[in-house]
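Engineer: All I have is the shape, not the residue letters:
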């Protein structure tokens, strides 16, 4: 099959490309190679068999040229990071997806499948249940409560303490511009796919980890931040109290899921959570990362928080498991792979300092009142 991977020079895209080539597919990549992710142009890890097009998914001629002769599309091109240029999220993530379907319909391109990359961010804070068995999906925590060092959600009905629950794909309450744009992308893909008979799937990835994850984004996952911290002999930042629940999934498990939904028609027209199958606290994950560097480390809260972060989020992946998928690799495996890859990279000096300065300038990292 001839497959187009948009954003195929990136983290998830390049690994998906490798697996497609292993399966005997012909692969074309469309990527804009934008900063800060791509510092030196097309990455050396791109397979030589790939047909590479330097272009933008928001540009009609670029995308139309990339679709020529294509039978299936993995749509991974996206704009992400914690930045206040809100319209850019929708321009790339939502409008770019709409343009993909527009061109497929207008030019009668007989696509057998479109797999779209969504995000756990669509779920927002996820599902909760209180001691009185009330179930609810919380809104974003206020700045006042975070500044006062109060992190957990209480039941809006009875006021009692509440606990997180695994969150299924029926929950869609995004709290950020990125999450909102990804929810829009899901709806565009599945609605237009159904209307114009283009089999489509949306994949809500949890926090994906492994080699090739760019170290250059200002706002990205704990694996990048903690690894860079230990690599440069700095104390990693532990926001809030370190007891936030996170759902980490290994890149190779993600690629297993990506290939499964391409080949399985039962996936058509559906949204799938793609998570790691085990909940970790941030503090626990920090210890795992320290262990990969041979460090005996006990996390200490920094006295700061990131405004807009979710408190707890863990994905229910039962629907994807129903197709025969299972996450096979734990967080320690992901960290070990990332550390090995990171040690081979150049120009890592001052990345953390620049990122921290950027986060401070944007008002993302804030102080807890004591």
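Structural biologist: Arrived safely, thanks for sending. All of these numbers come straight from a predicted model, not from anything done at the bench. Numbering: from 1, shown residues only.
Engineer: which helix is the longest one in the chain?
Structural biologist: Longest helix in the chain, counting residues (DSSP state H): helix 177-195.
Engineer: so what does it touch, helix or strand wise?
Structural biologist: Packing partners of helix 177-195 (3 or more C-beta pairs under 8 Å, 6 or more residues apart in numbering; DSSP states H and E): helix 86-89, helix 96-106, strand 113-119, strand 200-205, strand 270-274. (Glycine included, C-beta is placed from N, CA and C.)
Engineer: Any idea which of these gets closest to residue 290?
Structural biologist: For the helices and strands packed on helix 177-195, proximity to residue 290 was assessed by C-beta to C-beta; strand 200-205 is nearest, at 25.4 Å.
Engineer: what's next to the helix or strand following that closest one, contact-wise?
Structural biologist: Note on strand 200-205: by DSSP states H and E, the next helix or strand toward the C-terminus is strand 207-209. Under the criterion C-beta atoms under 8 Å, 6 or more residues apart in numbering, residues 11-12, 120, 221-223, 246-251, 254, 331, 334-335, 338 lie in contact with strand 207-209.
Engineer: In this structure residue 172 contacts residue 125, no?
Structural biologist: No - counting by C-beta atoms under 8 Å, residue 172 does not reach residue 125; the two are 11.7 Å apart.
Engineer: Of those two, give the one with the bigger neighbour count.
Structural biologist: In this view residue 172 and residue 125 are compared by other C-beta atoms under 10 Å, and residue 125 has more residues nearby, 23 against 17.
Engineer: Now do the SS call for that one.
Structural biologist: Assigned with DSSP: H, G, I helix; E, B strand; the rest coil, residue 125 falls in the coil class.
Engineer: For it, give me its contacts.
Structural biologist: Applying C-beta under 8 Å, 6+ apart, we find residue 125 in contact with 137, 138, 139, 140, 141, 153, 173, 175, 310, 311, 312, 313.
Engineer: again, only using 6 Å
Structural biologist: Going by C-beta atoms under 6 Å, 6 or more residues apart in numbering, residue 125 touches 138, 310.
Engineer: same deal with the one 4 residues further on?
Structural biologist: Each residue near residue 129 by C-beta under 6 Å, 6+ apart is listed here: 135, 165.
Engineer: Then it would be within a strand, right?
Structural biologist: Yes - under three-state DSSP, residue 129 sits within a strand.
Engineer: Give me the pLDDT for it.
Structural biologist: Per-residue confidence (pLDDT) for residue 129: 97.
Engineer: measure it to residue 313 for me?
Structural biologist: Residue 129 is 15 Å from residue 313, where distance means C-beta to C-beta, to the nearest Å.
Engineer: got it, and residue 55?
Structural biologist: Residue 55 is 34 Å from residue 313, where distance means C-beta to C-beta.
Engineer: what's the answer for residue 163, then?
Structural biologist: Noted for residue 163: a distance of 13 Å to residue 313, by C-beta to C-beta.
Engineer: Compare the two (neighbour count), which wins?
Structural biologist: More crowded of residue 163 and residue 313, by other C-beta under 10 Å: residue 313, with 25 against 13.
Engineer: Make sure the more buried one is actually in contact with residue 127.
Structural biologist: No - contact criterion C-beta atoms under 6 Å: residue 313 and residue 127 do not qualify, at 9.6 Å.
Engineer: Ok, which of the helices and strands packed on helix 177-195 comes nearest residue 342?
Structural biologist: That would be strand 200-205 among the helices and strands packed on helix 177-195, by C-beta to C-beta, at 20.7 Å.
Engineer: Quick check: which helices or strands does that closest one pack against?
Structural biologist: Contacts defined by 3 or more C-beta pairs under 6 Å, 6 or more residues apart in numbering; DSSP states H and E place strand 200-205 against strand 113-119, helix 177-195, strand 270-274.
Engineer: Please, where are all the helices along the stretch 151-300 of the chain?
Structural biologist: Using DSSP state H, counting those that start in this stretch, the helices assigned to the stretch 151-300 of the chain run over residues 177-195, 222-231, 251-263, 282-292.
Engineer: Pull out the buried positions in the first one.
Structural biologist: Judged by neighbour count (16 or more other C-beta atoms under 10 Å), helix 177-195 contains these buried residues: 177-186, 188-190, 192-193.
Engineer: now the angle from it to strand 270-274?
Structural biologist: For helix 177-195 against strand 270-274, the angle by axes from the mean of the first three to the mean of the last three C-alpha atoms, to 10 degrees is 140 degrees.
Engineer: circling back: identify all contacting residues around the longest helix of the chain.
Structural biologist: Identification of contacts with helix 177-195 by C-beta under 6 Å, 6+ apart yields 80, 86, 89-90, 93-94, 97-98, 101, 116, 118-119, 121-122, 172, 174, 200, 202, 269, 271.
Engineer: buried subset of those?
Structural biologist: Neighbour counting over the contacts of helix 177-195 (16+ other C-beta under 10 Å) leaves 80, 89-90, 93-94, 97, 101, 116, 118-119, 121-122, 172, 174, 200, 202, 271 as the buried ones.
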